[in-house]
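Q: Sequence first, then the predicted structure:
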Amino acid sequence: MKFSHSLAITALLGGQTHGFQLSPSVTTKQSRSVSSLSASVAEGSVDTSLMQQQSPPSPPDMQAYSKGFKTVFNEISCSLSTPTEGELPADLIGTYYKSGPAMFSAGSLPPPKNSLVKPKQPPVPDGEDMSRMVLHPFEADGGVLAMTFHGYDNIEMGDDDADEAADIVDTKGKVTTRFRYVRTNAFNNERKKGKKLYTGMESTRSGGSAGNDLSLPFYRHHLLNGLNKLRKNTSNTRAVYFGKRLLTMWAGGLPYKLDSLALSTDGRSQLGGIIKREESAMSSSAVIDSKRNRILFYGIDEEANESTLNIYEFNSKFQPIKDNDGTVQLKLPGLALVYDFGVTENYCVFVQPQLKVNGMQYMLNKDPGKSATLESQSSLLHIVARPGNKDAGGMKTIEIPFDGIPEANLQIINAYETEDGVIIFDAIRSADNGGTKSNTEWPWASTLGDFQNMSSKKSLWRYEVNPKKGLISKDCISQNQLYFGVVNSSTSAQKHRYVYAAAGAMGEGIAPPQGITRFDTDTGAQESWFPESYEFCGEPMYAERRGDDSEDGGYILSTLFNGKDESSELVVLKASDVAAGPIARVPIGIAVPHGCHGCFAATDDANWTYEQIERRAKLADKMETRGSMWNEVKSDFSGLGLRFDDMEEYFGDLM
């Protein structure tokens with residue numbers, strides 16, 4: 001098929017040919033909802049006169065948007081939320097998780113009252129003490145939102161259970177909400193000190209826009225490997241639930257394991273010991289193979305001349321698969337800054353942009369902004385056989401045809417294989433817009449110009465790869481400004497038809513994520529919904545409908561930040577009719593900052609009652625109040641009873 005606004009480029013190994021195809025013009029229907037039906041327009045079946053009468057979405061209120069970068073000073077332990085508009089579907093059951101930066105003024109959550117360690121400086125409002133403000137939103141400590149949908153199931157109680165029934169909270173059509181910070185080692189250190197301790201990325205953040213994209217920057221961590229004060233693991237990029245485990249992730253360090261109900265932090269995770277070194281670098285990406293019910297992770301130990309790629313594969317019980325102990329390790333050329341990957345039935349797919357490394361700067365300070373420069377040339381596509389593949393660890397590398405923009409900071413939405421062995425993946429592609437020097441002062445983007453200076457042009461592309469022939473083609477599905485693309489999780493690593501994404505309100509112009517859009521990759525149809533100019537949606541997340549196995553029969557969930565009254569809601573839309581807008585709005589109870597990636601767990605093991613969640617939350621609060629996280633010495637590092645991270649706490653001023 002031909003995609004709207006398509007740019008088709010094909011290349012063969014050993015030579016490149018470029019071809020350009022322009023699809024038929026697209027007529028759009030626009031109001032708070034926007035429909036783009038290119039196939040119907042071409043057939044003359046759409047009433048274009050009606051389309052012309054509708055007004056486009058209003059330009060974004062950037063003052064309202066900038067208020068979405070405010071520190072969350074009050075966590076939510078456990079709260080029951082009722083929709084203020086519409087009703088929640090009875091067949092929407094499960095738990096929604098979302099991760100994102102949430103503390104922009106370092107050390108601004110006071111420790112428990114009885115902690116032996118008291119901060120030298122109390123929490124302060126954002127902007128009051130600029131020495132405590134992070135220079136880029138991505139440097140903020142991560143927080144996790146969890147919302148459990150209970151459905152409408154009745155609880156059958158006999159006469160003898162009347163007293164117990166009286167204690168059961170009515171949760172029909174309601175949501176149990178929690179929000180907590182991830183208690184990373186860095187978070188606890190700054191919380192105790194009451195100040196910003198980690199400044200390793202500040203030189204990079206003061207640079208231009210190429211590596212400092214406001215939503216998700218290309219430079220995500222300091223290049224000094226291991227556990228150190230220059231590389232701060234904020235665990236703020238992705239929340240993933242699988243095999244009864246909840247993890248939060250960040251590119252450059254180990255994931256953190258959280259309690260799935262209360263969101264309390266259990267600690268850094270080495271994924272059951274499959275990651276041998278605690279200082280290993282992991283990515284912020286995880287992909288579930290929906291057909292085999294497996295999950296895959298990867299990490300890259302980055303070095304200037306050659307990097308080491310590690311791939312890990314787990315079964316449904318979160319145990320390494322038996323084949324090759326669930327791991328493969330191989331070398332990648334040069335400094336590999338790769339933040340996402342795709343998974344097919346047999347392969348993992350990685351896209352590596354080529355970088356020029358300043359050897360002197362890399363040796364002296366490893367500051368990414370000074371040490372590495374993105375080359376204006378073809379990126380490399382690595383196709384790696386999965387750990388369960390008979391050729392596990394085998395790799396084929398193909399240059400992606402160059403069209404003037406390298407594939408850097410690519411977000412791979414989904415990948416799959418066709419019957420003839422062709423690999424297809426859809427991705428949101430970023431292109432540096434040549435903006436001026438980034439704004440490093442909070443709140444960063446209070447004007448559209450500031451946002452555009454700190455943001456890259458983004459568009460939706462499809463890549464088709466023939467590994468046997470070394471052939472790659474790519475087509476632009478949409479030039480609209482898009483973010484956070486997702487598919488129905490039941491199609492993950494399988495063929496998909498529908499792609500959902502957050503969209504800017506200015507079409508192809510650079511604007512913040514605000515509305516929700518859906519693409520039909522079979523027909524080219526597109527439909528969108530946009531909220532008010534002062535409201536901003538984040539990543540859309542597909543939530544399956546109980547008893548429905550169709551690809552678009554479920555719901556789309558998204559947090560919505562209201563910059564007018566500084567509050568947040570969860571909006572619920574029908575996946576098959578995004579343009580109709582929300583069927584329900586649920587207040588969260590706090591203003592949740594603009595976030596990153598999340599997931600929806602529809603399995604029975606993520607369908608807890610309000611009482612179960614409340615009990616676990618009270619226990620988590622009690623444990624922290626008693627200071628168990630603050631005053632006890634951990635005992636799993638050495639005979640001294642210290643973990644590596646604890647050394648900074650005890651000898652921090654000397655390190």
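A: It's in. Numbering: from 1, shown residues only.
Q: C-alpha from now on. contacts and neighbour counts both.
A: Fine.
Q: how about the strands of the stretch 301-450 of the chain, start to end?
A: Assigned by DSSP state E, counting those that start in this stretch, the stretch 301-450 of the chain shows strands spanning 306-314, 327-333, 341-343, 347-352, 355-357, 372-374, 380-385, 395-399, 408-417, 423-431.
Q: meant to ask about the stretch 1-150 of the chain, not that
A: Taking DSSP E, counting those that start in this stretch as the criterion, the stretch 1-150 of the chain contains strands spanning 9-12, 15-18, 28-30, 33-36, 76-81, 85-86, 93-103, 141-150.
Q: The longest one packs against which elements?
A: Using 3 or more CA pairs under 8 Å, 6 or more residues apart in numbering; DSSP states H and E as the contact criterion, the neighbours of strand 93-103 among helices and strands are strand 141-150, strand 238-242, strand 598-601.
Q: what angle separates it from strand 238-242?
A: Relative orientation of strand 93-103 versus strand 238-242 (axes from the mean of the first three to the mean of the last three CA atoms, to 10 degrees): 150 degrees.
Q: Would you mind getting the angle between strand 93-103 and strand 141-150?
A: Put simply, strand 93-103 runs at 160 degrees to strand 141-150, going by the same axes, to 10 degrees.
Q: Mind telling me which of the strands of the stretch 301-450 of the chain the model trusts least?
A: Ranked by mean pLDDT, the strands of the stretch 301-450 of the chain bottom out at strand 372-374, with a mean of 93.
Q: name the helices or strands packed onto it?
A: Judged by 3+ CA pairs under 8 Å, 6+ apart, the packing partners of strand 372-374 are strand 355-357.
Q: so residue 75 sits right up against residue 146, yeah?
A: No - the criterion here is CA atoms under 8 Å, and residue 75 misses it with residue 146 at 11.7 Å.
Q: what sits in contact with each of those two?
A: Counting by CA atoms under 8 Å, 6 or more residues apart in numbering, the residues touching both residue 75 and residue 146 are 178, 179.
Q: Now do residue 150 against residue 174, distance only.
A: Computed as CA to CA, to the nearest Å, the residue 150 to residue 174 distance reads 7 Å.
Q: actually residue 255, sorry about that
A: Look at residue 255 and residue 174: by CA to CA, they are 31 Å apart.
Q: Between those two, which is the more surrounded one?
A: Using other CA atoms under 10 Å as the criterion, residue 255 and residue 174 rank with residue 255 on top: 28 against 23.
Q: Grab the nearest non-local neighbour of the more buried one.
A: residue 249 (4.6 Å; CA to CA, 6 or more residues apart in numbering).
Q: Residues in a beta bridge with that neighbour, which ones?
A: Legend: beta-bridge partners of residue 249 under DSSP bridges are residue 238.
Q: That one touches residue 284, doesn't it?
A: Yes - applying CA under 8 Å, one finds residue 249 in contact with residue 284, separated by 4.8 Å.
Q: Quick check: neighbours shared by those two?
A: By CA under 8 Å, 6+ apart, residue 249 and residue 284 have these common neighbours: 237, 238.
Q: where in the stretch 201-350 of the chain is pLDDT low?
A: Scanning the stretch 201-350 of the chain for pLDDT under 70 picks out 208-210.
Q: Which residue lies nearest to residue 598 in three dimensions, sequence-adjacent residues excluded?
A: Residue 598's closest residue in space is residue 98 (CA to CA, 6+ apart), at 3.9 Å.
Q: May I have the residues that are in contact with the one you found?
A: Residue 98 neighbours (CA under 8 Å, 6+ apart): 144, 145, 146, 238, 239, 595, 596, 597, 598, 599.
Q: How about residue 180?
A: Applying CA under 8 Å, 6+ apart to residue 180 gives the contacts 75, 76, 77, 143, 144, 145, 263, 264.
Q: Let me see the contact set for the third one.
A: Looking back up the chat, that one is residue 77. Residue 77 makes contacts with 177, 178, 179, 180, 262, 617, 618, 621, as judged by CA under 8 Å, 6+ apart.
Q: most neighbours, which of the residues you listed?
A: The residue in the contacts of residue 77 with the most neighbours, by other CA under 10 Å, is residue 179 (27 neighbours).
Q: Pairing partners for the helix or strand where it lies, with directions?
A: Counting by DSSP states H and E, the element that carries residue 179 is strand 175-181. Sheet pairing of strand 175-181 (DSSP bridges) gives strand 76-81 (antiparallel), strand 141-150 (antiparallel).
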